[in-house]
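K.L.:
heads up, no residue letters with this:
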């Protein structure tokens, strides 16, 4: 896999509690590369990617360069895979 997903999340974010388990399950099945970034504890990464809201999901190459981003939690597994592989 030559891509990865960064999920910018926070413990207080209700929408994050919807998308996080889906991405974790997809990662567990080996479908995606995935890392969570807690916006309350990782200000440097939040600033680097100019994240303004949560959940923000950023598709990157393996060097961390942004390819694309999505906001919100209304994505299905099929939506994520089409975006990830697109």
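P.N.:
Yep, that arrived. Being a predicted model, the structure only gives us computed values, none of them experimental. Numbering: from 1, shown residues only.
K.L.:
mind listing the helices for this protein?
P.N.:
In chain order, the chain shows helices spanning 16-28, 43-48, 77-85, with DSSP state H as the criterion.
K.L.:
packing partners of the last one?
P.N.:
Contacting helix 77-85 under the criterion 3 or more CB pairs under 8 Å, 6 or more residues apart in numbering; DSSP states H and E are the following elements: strand 3-9, helix 16-28. C-beta coordinates here come from the backbone N, C-alpha and C atoms, glycine included.
K.L.:
contacts for the first one?
P.N.:
Here strand 3-9 makes contact (CB atoms under 8 Å, 6 or more residues apart in numbering) with 16, 19-20, 23, 32-39, 45-46, 49, 51, 54-62, 67, 80, 84.
K.L.:
got the angle between that strand and helix 16-28?
P.N.:
Interaxial angle, strand 3-9 versus helix 16-28 (axes from the mean of the first three to the mean of the last three CA atoms, to 10 degrees): 150 degrees.
K.L.:
okay, the helices of the chain in JSON lines with mean neighbour count, distance to residue 5 and mean pLDDT next?
P.N.:
Putting the helices of the chain into JSON lines (neighbours: other CB atoms under 10 Å; distance: least, CB to CB, whole Å; pLDDT from 0 to 100) gives the following:
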{"stretch": "helix 16-28", "mean neighbour count": "16", "distance to residue 5": "7", "mean pLDDT": "96"}
{"stretch": "helix 43-48", "mean neighbour count": "12", "distance to residue 5": "14", "mean pLDDT": "97"}
{"stretch": "helix 77-85", "mean neighbour count": "14", "distance to residue 5": "7", "mean pLDDT": "96"}
